[in-house]
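Q: here is my input, please return the structure:
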Amino acid sequence: MRLGEVERLRGELSEFVADVFASLPRRDQRRWGGCYLRGLMLDGRRKSIQPMAERLPDGNMQALQQFVNQSPWDPLPVRRRIAERLAGLITPEVWVVDDVSFPKCGTRSVGVVRQYCGAVGKRANCQVAVSVHAATDTASCPLNWQLYLPREWTDNPARCRAAGVPAGVGHQEKWRLALGLLDTLADWQLTARVVVADAGYGASTPFRLALEERGLSYVVALTGKEVAHPEAAEPHQPAYGGLGPPTLPRYRTSPRSLPRLAAELPVSRYAEVTWREGSKGPMTSRFALLRVRPAGKQALRAAQEAGGGHYEWDGVLPVRTVLVEWPSDETAPTGYWTSNLPGATPIEDLVRWAKMRWRIEHDYRELKHGLGLDHFEGRTWRGWHHHVTLVTAAQAFLTLHRLHPKAHTPA
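A: Numbering: from 1, shown residues only. Here you go, the predicted model:
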């Protein structure tokens with residue numbers, strides 16, 4: 001946005017800042033919060049503090065540096081108010097769980113190690129953050145963030161202290177961070193019908209089990225390497241010989257791969273489904289539903305724990321739905337998703353929710369290319385979480401403005 005466009009929105013932005021930054025105790029903090037948001041929305045190649053301060057008529061680099069990197073304001077109440085406002089307006093159908101990477105030079109920025117970096121498509125020096133987004137077919141916005149800390153950091157307390165990592169913050173797998181973010185949304189009394197995630201999360205049986213324990217429905221992607229038994233398969237209990245503990249129930253046949261199970265379905269089970277209008281017309285593909293009993297070591301262990309323990313378990317694996325995408329012009333399926341929704345759930349709904357994850361690509365494009373999500377040059381835990389909260393606020397303001405019935409959206 002050009003300076004004149006930002007200035008014309010200044011009154012509307014002031015009301016937004018007064019609301020979402022109401023938890024900040026000092027007036028000057030709220031003032032610099034609004035100033036930072038204007039800097040993020042203003043045109044410019046870099047959205048780090050120095051170039052933003054130079055572009056703003058009231059910019060002050062030292063004050064903005066202090067506000068973002070040193071000021072001890074809590075970002076969580078700000079994110080909560082943003083989430084409440086967005087959820088109240090767009091009524092999200094799904095929570096989308098994902099992670100995003102930030103390439104970085106050096107080793108002193110918090111969380112930076114050499115790891116897989118989606119931004120460049122290979123292992124590289126970067127930070128990784130887990131996020132949860134509210135989404136519908138037409139709108140979306142990130143609600144909560146958590147920076148991922150690899151063991152190279154948590155095993156080095158001095159390194160963590162130098163970057164201002166709070167005491168008690170340790171290493172957690174990304175799926176555990178995602179559960180924590182979802183728990184926070186639940187504490188805020190926010191809900192969505194379904195949790196959606198890519199295969200990095202969906203392939204984790206502990207993640208899916210934890211969602212079920214929380215009473216959450218999900219449609220999450222799988223890798224296609226998973227194995228399962230058909231729904232009709234039943235375990236067999238071998239006769240007890242009287243010596244030692246009884247043999248556990250077991251299935252007489254080995255589990256089969258999802259591609260094999262999908263290939264065994266008759267062609268009549270596949271249906272054309274359109275889930276949304278794309279830029280080149282309707283988005284349509286061919287889908288089928290499988291009712292299976294997920295197998296494998298993780299699934300077996302989870303079923304045993306749910307059944308009361310190793311020797312109490314009756315051997316029956318739970319039934320879940322697998323959604324298979326197999327375009328008519330492909331020689332093999334191109335996508336798999338699993339869900340714990342009731343078996344009577346229409347395939348059209350499952351497809352639409354599974355595909356709704358595309359919305360966050362719009363979020364990341366706007367957050368990175370338009371609002372400088374990955375332009376932060378600070379090194380501390382506090383500064384990073386302040387910056388992503390402020391970027392979230394800027395994107396939320398623009399989303400609210402776009403959705404206002406009388407809004408005039410700048411080019």
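
Q: so the residue nearest to the spatial centre of the chain, which of the three states?
A: Residue closest to the average C-alpha location in the chain (CA atoms, centre = their mean): residue 97, at 1.9 Å. Of the three states, residue 97 takes strand under DSSP: H, G, I helix; E, B strand; the rest coil.

Q: and the closest residue to it other than its chain neighbours, what is it in contact with?
A: Excluding the flanking residues, the one nearest residue 97 by CB to CB, 6 or more residues apart in numbering is residue 197, at 4.1 Å. Every residue, glycine included, has its C-beta placed from N, CA and C. By CB atoms under 8 Å, 6 or more residues apart in numbering, the contact list for residue 197 reads 96, 97, 98, 178, 207, 218, 220, 221, 357.

Q: tally of neighbours for the last one?
A: Using other CB atoms under 10 Å, the number of residues around residue 357 comes to 22.

Q: okay, now the closest residue to residue 20 other than its chain neighbours: neighbour count?
A: Leaving aside its sequence neighbours, residue 20 sits nearest to residue 81 (CB to CB, 6+ apart; 4.5 Å). If you count neighbours by other CB under 10 Å, residue 81 ends up with 19.

Q: SS state for residue 81?
A: helix.

Q: contacting residues for it?
A: When contacts are counted by CB under 8 Å, 6+ apart, residue 81 touches 19, 20, 22, 23.

Q: which among those residues count as buried?
A: residue 20 (16 or more other CB atoms under 10 Å).

Q: ramachandran angles for residue 60?
A: phi -140, psi 110 (degrees, to the nearest 10).

Q: what's the neighbour count on it?
A: Around residue 60 there are 14 residues (other CB under 10 Å).

Q: give me the contacts around stretch 287-297.
A: 205, 226-231, 233, 251, 255, 258, 261-262, 265, 269-271, 273, 316-326, 338, 343, 347, 350-351.

Q: can you select the buried ones among these for me in PyMOL?
A: Under the burial definition 16+ other CB under 10 Å, those of these that qualify are selected in PyMOL by:
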select buried, resi 205+226+227+228+229+230+233+251+255+258+261+262+270+273+317+319+320+321+322+323+324+325+326+338+350+351
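
Q: so which of the contacts of stretch 287-297 sit within helices?
A: Mapping these onto helices (DSSP state H) picks out 205, 258, 261, 262, 347, 350, 351.

Q: so for residue 209, what's the pLDDT?
A: Residue 209 carries a pLDDT score of 92 in this model.

Q: now do the strands in the stretch 151-300 of the chain.
A: Taking DSSP state E, counting those that start in this stretch as the criterion, the stretch 151-300 of the chain carries its strands at 194-197, 218-222, 227-230, 235-236, 250-251, 256-257, 271-278, 281-294.

Q: so of those, which one's packed in deepest?
A: A comparison of the strands of the stretch 151-300 of the chain by mean neighbour count, using mean count of other CB atoms under 10 Å, puts strand 194-197 on top with a mean of 26.

Q: show me what that one pairs with in its sheet, parallel or antiparallel.
A: strand 94-103 (parallel), strand 218-222 (parallel) (DSSP bridges).
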